[in-house]
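Enquirer: My questions concern the predicted model and sequence given below.
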Amino acid sequence: MDELKPILLMLTSGLLIRYALIFAGQSWARSYAQTVSFMILPIITYVITKTISGNIALSLGMIGALSIVRFRHPVKSALELIIYFDLITIGIATSVRTKWAIQLILCTLLILILVKIFQLILKKNDKSFYSVSFNEGSDVNSLEVLSTKNLDVIENNNHLKTIVNNLNKNEIIYRLIFENKENLIDFKKKIENINEIKKIDVNYL
């Protein structure tokens with residue numbers, strides 16, 4: 001029970017910092033990867049600290065082990081990097097104190113599952129807990145629309161991510177991304193009979 005309080009504090013602080021960044025206009029903090037990262041990373045750090053406290057030899061070994069995460073290839077997602085830290089920390093914590101490894105595993109699984117469930121619940125009310133990003137390192141269902149004029153039905157859609165206005169050719173390119181393939185198909189059917197639309201490109205994951 002005593003260990004539940006710091007875990008709740010870390011989860012709350014991570015979410016509060018996320019919301020503060022969004023309020024300050026930092027839209028990158030809205031993505032799924034960043035949302036989960038803000039919740040998992042403090043717990044990983046907490047477990048590392050508890051595992052190596054009072055043991056200098058183990059502390060030096062932990063530094064060497066965690067440095068393995070510095071790969072030669074670029075990591076596309078913050079969540080990908082944090083999961084690597086998570087897995088290494090679980091391995092080290094298991095060899096020293098299994099209790100900390102079990103707690104970290106449970107926290108990681110709960111965060112990943114609960115964030116997804118929370119998003120699904122909000123989607124039923126046409127809201128979103130996080131936004132999908134092209135730069136997250138994950139594939140997305142995307143829709144690209146070429147139009148000769150501004151279309152409110154697209155510009156007011158929550159899935160719209162970018163608008164490119166080509167003034168020389170009198171063209172507007174809309175790019176939308178969808179987590180759900182069925183939502184993309186439904187929206188495509190809704191707009192494909194609009195006369196101003198000249199081209200629709202679809203990419204399914």
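Expert: Sure, I can see it.
Enquirer: Could you pull up the mean pLDDT of whatever helix or strand residue 81 lives in?
Expert: In the assignment (DSSP states H and E), residue 81 maps to helix 78-96. Per-residue pLDDT over helix 78-96 has a mean of 74.
Enquirer: now the next helix-or-strand element following that helix and helix 78-96, what's the angle there?
Expert: As assigned by DSSP H and E, the chain's next helix or strand after helix 78-96 is helix 98-123. On the basis of axes from the mean of the first three to the mean of the last three C-alpha atoms, to 10 degrees, helix 98-123 is oriented at 150 degrees to helix 78-96.
Enquirer: Can you point out the buried residues in helix 98-123?
Expert: Within helix 98-123, the residues scored as buried using 16 or more other C-beta atoms under 10 Å are 100, 101, 103, 104, 107, 108, 111, 112, 115, 119. Quick note: C-beta positions are derived from backbone N, CA and C, even for glycine.
Enquirer: can you put those in TSV and add distance to residue 82 and pLDDT?
Expert: Shown next, in TSV, are the buried residues of helix 98-123 (distance: C-beta to C-beta, whole Å; pLDDT from 0 to 100):
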residue	distance to residue 82	pLDDT
100	17	78
101	16	79
103	17	84
104	12	84
107	12	86
108	9	85
111	11	85
112	11	82
115	13	81
119	19	75
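Enquirer: Out of these, which comes closest to residue 45?
Expert: Nearest to residue 45 among the buried residues of helix 98-123 is residue 104, at 10.7 Å by C-beta to C-beta.
Enquirer: check contacts around the nearest residue to that closest one once chain neighbours are set aside.
Expert: Leaving aside its chain neighbours, residue 104 sits nearest to residue 47 (4.8 Å; criterion: C-beta to C-beta, 6 or more residues apart in numbering). Contacts for residue 47 (C-beta atoms under 8 Å, 6 or more residues apart in numbering) come out as 89, 93, 100, 101, 103, 104.
Enquirer: Please identify the helix or strand for residue 198.
Expert: strand 197-203.
Enquirer: Can I get the helix holding residue 81 as PDB, trimmed to CA atoms?
Expert: Extracted in PDB, the C-alpha atoms of helix 78-96 (Å, rounded to 0.1, in the frame of the first residue of the first chain):
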ATOM      1  CA  ALA A  78       9.400   8.100 -28.000                       C
ATOM      2  CA  LEU A  79       7.400   5.100 -26.900                       C
ATOM      3  CA  GLU A  80       9.600   2.700 -28.700                       C
ATOM      4  CA  LEU A  81      12.700   4.000 -26.800                       C
ATOM      5  CA  ILE A  82      10.900   3.900 -23.500                       C
ATOM      6  CA  ILE A  83       9.700   0.300 -24.000                       C
ATOM      7  CA  TYR A  84      13.400  -0.700 -24.600                       C
ATOM      8  CA  PHE A  85      14.300   1.000 -21.200                       C
ATOM      9  CA  ASP A  86      11.300  -0.800 -19.700                       C
ATOM     10  CA  LEU A  87      12.300  -4.300 -20.800                       C
ATOM     11  CA  ILE A  88      16.000  -3.800 -19.800                       C
ATOM     12  CA  THR A  89      14.900  -2.500 -16.400                       C
ATOM     13  CA  ILE A  90      12.500  -5.500 -15.900                       C
ATOM     14  CA  GLY A  91      15.400  -7.800 -16.600                       C
ATOM     15  CA  ILE A  92      17.800  -6.100 -14.100                       C
ATOM     16  CA  ALA A  93      15.100  -5.700 -11.400                       C
ATOM     17  CA  THR A  94      14.200  -9.300 -11.700                       C
ATOM     18  CA  SER A  95      17.700 -10.400 -10.900                       C
ATOM     19  CA  VAL A  96      17.900  -8.100  -7.900                       C
END
